[in-house]
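> need a structure here:
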Amino acid sequence: MREDDKDTKKDYSASINLAVIDTESGTTLSGTTDLPQALYERPKEERNNGASQLIIERMERLREARTLLPGVVNRILENSDASEQLTSGNLVIVMNSNIYGSALAGDVHQTNIAFIQEWNQVKNDIDIDTLNTEIEEVIGLMQKSAAEGGHHTDLANLLFARDELKKADGPAMLKYLKKVGEFGLDVIKGTGSSILTTLLLGG
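Residues are numbered from 1 along each chain as shown. Now for the predicted structure:
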């Protein structure tokens with residue numbers, strides 16, 4: 001994690017990752033909404049409604065799902081290991097959360113120690129530009145072929161991995177890559193993406 005990330009996120013208690021997949025056009029949108037500490041500590045209903053409003057302000061397209069968002073927000077904030085998926089019209093929305101704290105000495109990404117250790121072992125052997133190109137290629141293919149819930153979750157995890165790579169957070173990128181399931185792995189193998197395959201399968 002970069003030092004400026006620590007400085008800009010220190011007043012936040014949680015963040016919500018979102019991937020929005022338009023099944024009609026095949027386009028995607030992803031991003032992170034930070035929850036200020038004061039909001040996160042409010043009673044659940046206020047917290048969930050406030051977080052939903054922040055999400056809509058960041059992604060106006062989700063306004064049509066505004067009645068569904070508070071319940072989903074509640075579930076992912078109560079179980080940060082969970083991923084939730086909901087459908088609104090032709091949009092598939094995949095969400096998960098990061099709850100910040102002191103478990104990793106203040107690391108706001110709350111990334112499991114195992115991913116930090118794994119990234120430290122492989123990062124010097126990885127060409128980041130090539131890895132980014134491979135991820136973008138796989139995302140493009142998955143956008144065209146994702147047809148059901150599990151496919152959309154795999155696509156969302158690749159989008160989240162790409163976003164973390166852009167933030168220079170290798171361990172968090174690995175965390176999302178490791179969540180990719182059979183559909184995503186098949187697409188990755190089909191492209192011959194050597195770095196992605198190595199990261200996922202260890203060789």
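> out of everything not next to it in sequence, what's closest to Glu41?
Sequence neighbours aside, Ser13 is the residue nearest to Glu41 in space, at 7.0 Å (criterion: C-beta to C-beta, 6 or more residues apart in numbering). (C-beta placed from N, C-alpha, C; glycine too.)
> Sketch out the low-pLDDT regions of this structure for me.
Low-confidence segments of the chain (pLDDT under 70): 1-10, 101-111, 203.
> now with 80?
1-12, 81, 100-112, 202-203 (pLDDT under 80).
> Walk me through the domains of the protein.
Per automatic domain parsing, the domain ranges recorded for the chain read 3-99, 113-201.
> Would you mind giving the ones you listed as CSV with mean neighbour count added?
Listed next are the domains of the chain as CSV, based on neighbours: other C-beta atoms under 10 Å:
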stretch, mean neighbour count
domain 3-99, 17
domain 113-201, 17
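> returning to that earlier point: helix or strand: which one has the residue nearest to Glu41?
Taking DSSP states H and E as the criterion, Ser13 maps to strand 12-22.
> what's that strand packed up against?
Contact here means 3 or more C-beta pairs under 8 Å, 6 or more residues apart in numbering; DSSP states H and E; on that basis strand 12-22 packs against strand 28-36, helix 37-40, helix 44-58, helix 69-78, strand 91-99, helix 149-166.
> please redo it, this time with the cut-off set to 6 Å
Packed against strand 12-22 by the contact rule (3 or more C-beta pairs under 6 Å, 6 or more residues apart in numbering; DSSP states H and E) you find strand 28-36, helix 37-40, strand 91-99, helix 149-166.
> Cheers, nothing more for now.
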